[in-house]
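[1] need a 3D model of the following:
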Amino acid sequence: MRMHHVLNRHCLSRKMNIIVLFSLRSCILATVPRPRSISCVERSQHWWDYIIMSKFKNKDWLENFCLSKLTSMHWCDQLRPYIQHQDT
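    Purely as a prediction, here's the structure:
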């Protein structure tokens, strides 16, 4: 019975050591700066310009975007300065 208790303590101690090591590793990796890159792929606007803007009726806007076209355009205008593509 005593040997079983000693083995359990050893296993718990080992598990705690592993948890602490992984926690430290995560903290270290989170603080190490990594090089970042930004890539951009040119996309066609055909879908938006032709299908959405010219073919969609207000009913389609409501079904697909849960906003009327007028409301959606308003929010796009309000958010444009924050989400517009920028050359980097």
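[2] C-alpha from now on. contacts and neighbour counts both.
    OK.
[3] which parts of stretch 66-85 are buried?
    Leu67, Ser68, Lys69 (16 or more other Cα atoms under 10 Å).
[4] and the first one, helix, strand or coil?
    Just to be clear, that refers to Leu67. Following DSSP: H, G, I helix; E, B strand; the rest coil, Leu67 is assigned to coil.
[5] and for Arg14, the neighbour number?
    12 (other Cα atoms under 10 Å).
[6] host element of it?
    Element membership of Arg14 [criterion: DSSP states H and E] is helix 2-31.
[7] could I get the average pLDDT for that helix?
    For helix 2-31, mean pLDDT rounds to 69.
[8] quick thing: my sequence starts at 687, can you match it?
    Will do, 687 is the new start, and the previous item becomes helix 688-717.
[9] one step back: and the buried residues of stretch 752-771, which is closest to Ile737?
    Taking Cα to Cα as the measure, Ile737 lies nearest Lys755 of the buried residues of stretch 752-771, at 13.2 Å.
[10] show me the contacts for the closest one.
    Asn744, Trp747, Leu748 (Cα atoms under 8 Å, 6 or more residues apart in numbering).
[11] I figured the second one hits Ser754, correct?
    In this case it means Trp747. Yes. Assessed by Cα atoms under 8 Å, Trp747 is found in contact with Ser754 at 5.6 Å.
[12] just to revisit the earlier point, narrow the contacts of Lys755 to just the buried residues.
    Trp747.
[13] secondary structure, pLDDT and distance to Ile769 for the contacts of Lys755 - can I get that in CSV?
    Formatted as CSV, these follow (DSSP: H, G, I helix; E, B strand; the rest coil; pLDDT from 0 to 100; distance: Cα to Cα, whole Å):
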residue, secondary structure, pLDDT, distance to Ile769
Asn744, helix, 88, 24
Trp747, helix, 86, 21
Leu748, helix, 90, 22
